[in-house]
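Peer 1: Dropping a prediction and its sequence here:
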Amino acid sequence: MNRNAAPGPVFYEFFAGGGMARLGLGEAWTCAFANDFDPVKAATYRANFADAGSTDGEGHFRQGDVWKIAPADLPGQADLAWASSPCQDFSLAGARAGLQGGRSSAFFGFWKLMEALSAEGRGPDTVVVENVVGLLTSHGGADFTALCRALADQGYRFGALEIDAARFVPQSRPRVFVIATRLPVEGLTGPSPFQTRAVREAHARLPADLAAAWTWWGLAAPPARNTDLSALLEPDDQVTWRPDAATAALLDLMAPAHRAAVEARVQSGERSVGAVFRRMRGGEQRAEVRFDGLAGCLRTPRGGSSRQTLLVIDRGQARSRLLSPREGARLMGLPEAYRLPRSATAGLHVIGDGVAAPVVRWLAEGLLTPLAFRKTAPLAAE
């Protein structure tokens with residue numbers, strides 16, 4: 001595909017999952033190639049995008065190991081390459097193996113492709129790498145420095161933003177977005193609420209030559225979010241509630257402060273919705289509840305503690321249930337028409353590993369689309 005033949009800017013989507021970055025970029029962007037290794041995510045992607053093709057490899061979606069993709073498999077030249085590379089080894093809940101971890105090292109399979117495309121004169125103008133915030137500090141910052149070095153060696157200027165999806169949807173989901181470009185950045189830089197302390201400290205740890213290639217992206221804050229968790233839930237009579245004994249056991253796992261917060265709402269008689277996670281604290285399992293209108297960060301359902309529980313208090317009664325995949329999809333900003341796997345576990349797997357679509361949309365409107373229309377000479381590193 002020649003990107004100039006497309007009606008709008010063209011992108012490749014790596015580690016695409018269920019296509020949430022594509023949904024965020026919107027119909028103005030054309031996806032020329034997408035890839036994911038996971039068969040459940042691949043099936044979900046194909047189910048939601050008619051042009052993705054079937055399981056026999058037709059269309060622009062390629063299921064399989066990124067290391068086995070050849071430059072010839074990627075058509076034309078893209079304006080943008082998006083990579084939501086595996087985050088498990090950067091996560092505080094993971095092994096912190098960093099870029100050398102078995103899963104996160106998939107990034108280098110992606111980057112090998114980008115280097116090959118650049119050698120052919122068709123490297124993407126702009127690259128976005130999305131990951132958990134632990135990327136900024138993994139191995140004392142050495143992994144982030146390695147990423148910046150890879151970008152700089154290919155002539156990209158780059159900068160990072162830390163964006164919590166809670167700005168857009170009622171889910172606490174902080175992520176780091178590294179935006180790198182070879183295009184002029186004038187008019188797109190300046191102060192931003194997403195230049196957090198973690199981002200500033202990561203920049204301060206960079207060697208002088210990489211710090212010189214840094215760009216302080218001036219992405220503005222979005223309008224205030226006007227929905228909370230309770231607004232996205234299914235009606236009470238259309239969901240399956242856990243037995244009273246299971247709810248009582250959940251409450252027994254709460255520390256005194258959390259239990260007191262529950263009791264105060266029970267006594268009020270008013271409706272209140274809380275999100276509950278089970279965590280290990282001091283060698284003991286604890287249930288922690290939040291009543292701030294936000295869900296905790298959605299995760300893939302690899303164990304019982306990773307399934308987010310809802311605690312609904314109404315007319316003096318506390319009931320609990322698991323969050324449904326459809327409710328999870330809403331918390332990721334996905335449309336109601338988005339097709340989820342039939343299995344709840346599979347649906348939560350796709351959702352928990354995704355990127356919140358409204359965050360991508362805000363990045364596209366503020367930075368990525370303006371960059372895509374700057375088809376001028378690349379900006380030399382200062």
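Peer 2: Great, that's in hand. Given the structure is predicted, the values throughout are model-derived calculations rather than measurements.
Peer 1: Would you map the strands across the protein?
Peer 2: 10-14, 30-36, 61-63, 80-83, 126-131, 157-164, 174-181, 272-281, 284-290, 309-314, 317-322 (DSSP state E).
Peer 1: Looking at those strands, which is nearest to Gln195?
Peer 2: Of all the strands of the chain, it is strand 157-164 that lies closest to Gln195, at 6.8 Å by Cβ to Cβ. Where you see a C-beta, it was placed from the backbone N, CA and C, and this is true even at glycine.
Peer 1: Identify the residues contacting that closest one?
Peer 2: Residues outside strand 157-164 that contact it (Cβ atoms under 8 Å, 6 or more residues apart in numbering): 133, 136, 148, 151-152, 172-182, 185, 192, 194-196, 198-199, 202-203, 213-217, 219, 359, 362-363, 379, 381.
Peer 1: what angle do it and strand 126-131 make?
Peer 2: Angle, strand 157-164 to strand 126-131, by axes from the mean of the first three to the mean of the last three Cα atoms, to 10 degrees: 40 degrees.
Peer 1: now the angle from strand 157-164 to strand 174-181?
Peer 2: Using the same axes, to 10 degrees: strand 157-164 against strand 174-181 is 160 degrees.
Peer 1: just how off-centre is strand 157-164 within its chain?
Peer 2: The chain centroid and the centroid of strand 157-164 are separated by 13 Å, computed with Cα atoms, centre = their mean, to the nearest Å.
Peer 1: Can I get it in PDB, CA atoms only?
Peer 2: Extracted in PDB, the C-alpha atoms of strand 157-164 (Å, rounded to 0.1, in the frame of the first residue of the first chain):
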ATOM      1  CA  ARG A 157      13.600  12.900  18.300                       C
ATOM      2  CA  PHE A 158      11.500  11.600  21.200                       C
ATOM      3  CA  GLY A 159       9.700  12.400  24.400                       C
ATOM      4  CA  ALA A 160       7.500  10.600  26.900                       C
ATOM      5  CA  LEU A 161       4.100  11.400  28.400                       C
ATOM      6  CA  GLU A 162       2.500   9.600  31.400                       C
ATOM      7  CA  ILE A 163      -1.300   9.500  30.900                       C
ATOM      8  CA  ASP A 164      -3.800   8.000  33.200                       C
END
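Peer 1: quick one on the thing from earlier: which of the contacts of strand 157-164 fall in helices?
Peer 2: 148, 151-152, 198-199, 202-203, 359, 362-363 (DSSP state H).
Peer 1: Give me the buried subset of the contacts of strand 157-164.
Peer 2: Among those, those buried by neighbour count (16 or more other Cβ atoms under 10 Å) are 133, 136, 148, 151-152, 172-173, 175-182, 185, 192, 194-196, 198-199, 202-203, 213-217, 219, 359, 362-363, 379.
Peer 1: Let me know the pLDDT of the residue nearest the centre of the chain.
Peer 2: With distances taken as Cα atoms, centre = their mean, Val355 lies nearest the centre of the chain, 2.5 Å away. Looking at Val355, its pLDDT is 97.
Peer 1: wait, it sits on Met20?
Peer 2: Yes - the criterion here is Cβ atoms under 8 Å, and Val355 meets it with Met20 at 5.0 Å.
Peer 1: Residues that sit against both of these two, list them.
Peer 2: Met332.
Peer 1: quick one: contacts of stretch 209-225?
Peer 2: 145, 148-149, 151-152, 156-159, 161, 166-170, 179, 181, 185, 188-195, 203, 206, 362-363, 366-367, 381-382.
Peer 1: Quote the end-to-end distance of it.
Peer 2: 39 Å (Cα to Cα, to the nearest Å).
Peer 1: shaky segments in the protein?
Peer 2: 1-7, 54-58, 87-104, 302-306, 375-382 (pLDDT under 70).
Peer 1: With distance to Leu229 as extra columns, can I get the ones in helices among the contacts of strand 157-164 in CSV?
Peer 2: CSV is the format used below for the ones in helices among the contacts of strand 157-164 (distance: Cβ to Cβ, whole Å):
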residue, distance to Leu229
Cys148, 36
Leu151, 37
Ala152, 41
Ala198, 25
Val199, 27
Ala202, 31
His203, 34
Val359, 18
Trp362, 20
Leu363, 24
